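Trainee: Sequence and predicted model, in that order:
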Amino acid sequence: MGEFEHKCLNCSSTSEDRPLIVCEFKGKENWVCVRCLPILIHG
Ligand SMILES: [Zn+2]
């Protein structure tokens, strides 16, 4: 089960904690939680 668990690349929150959004960066799939998404957008 654990290997299918996605984590926020910034704060390691799982979808148990917050909604996660998938994004592609440099050809790789990354998961980011809704709290960290604005941080990543604004750099
Ligand atoms: Zn996060």
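Mentor: Sure, I can see it. These numbers were taken from a predicted model, which means no experiment stands behind them.
Trainee: On the three-state scheme, the residue nearest to the spatial centre of the chain is what?
Mentor: With the centre of the chain defined as its mean C-alpha position, the nearest residue by Cα atoms, centre = their mean is residue 32, 1.7 Å away. Put simply, residue 32 is strand when judged by DSSP: H, G, I helix; E, B strand; the rest coil.
Trainee: Begin at 588 from now on, thanks
Mentor: Taking 588 as the first residue, the last one we looked at is residue 619.
Trainee: which ones are touching it?
Mentor: 595, 596, 597, 607, 608, 610, 627 (Cβ atoms under 8 Å, 6 or more residues apart in numbering). Backbone N, C-alpha and C define where each C-beta goes, glycine included.
Trainee: What is the neighbour count of the second one?
Mentor: Residues within reach of residue 596, counting by other Cβ atoms under 10 Å, total 16.
Trainee: Next: the fourth one.
Mentor: Residue neighbour count, defined by other Cβ under 10 Å, stands at 22 for residue 607.
Trainee: what's the spacing between it and the ion?
Mentor: Remark: distance between residue 607 and the ion (Cβ to the ion, to the nearest Å) = 8 Å.
Trainee: That residue reaches residue 601, doesn't it?
Mentor: Yes. Counting by Cβ atoms under 8 Å, residue 607 sits close enough to residue 601 to count as a contact (7.4 Å).
Trainee: Spell out which residues of this protein are next to the ion.
Mentor: Those residues of the chain that sit near the ion, judged by Cβ under 5 Å from the ion, are 595, 597, 598, 600, 620, 623.
Trainee: pretty sure the fifth one contacts residue 596?
Mentor: Which is residue 620. No. Taking Cβ under 8 Å as the contact criterion, residue 620 and residue 596 are not neighbours in contact, 9.2 Å apart.
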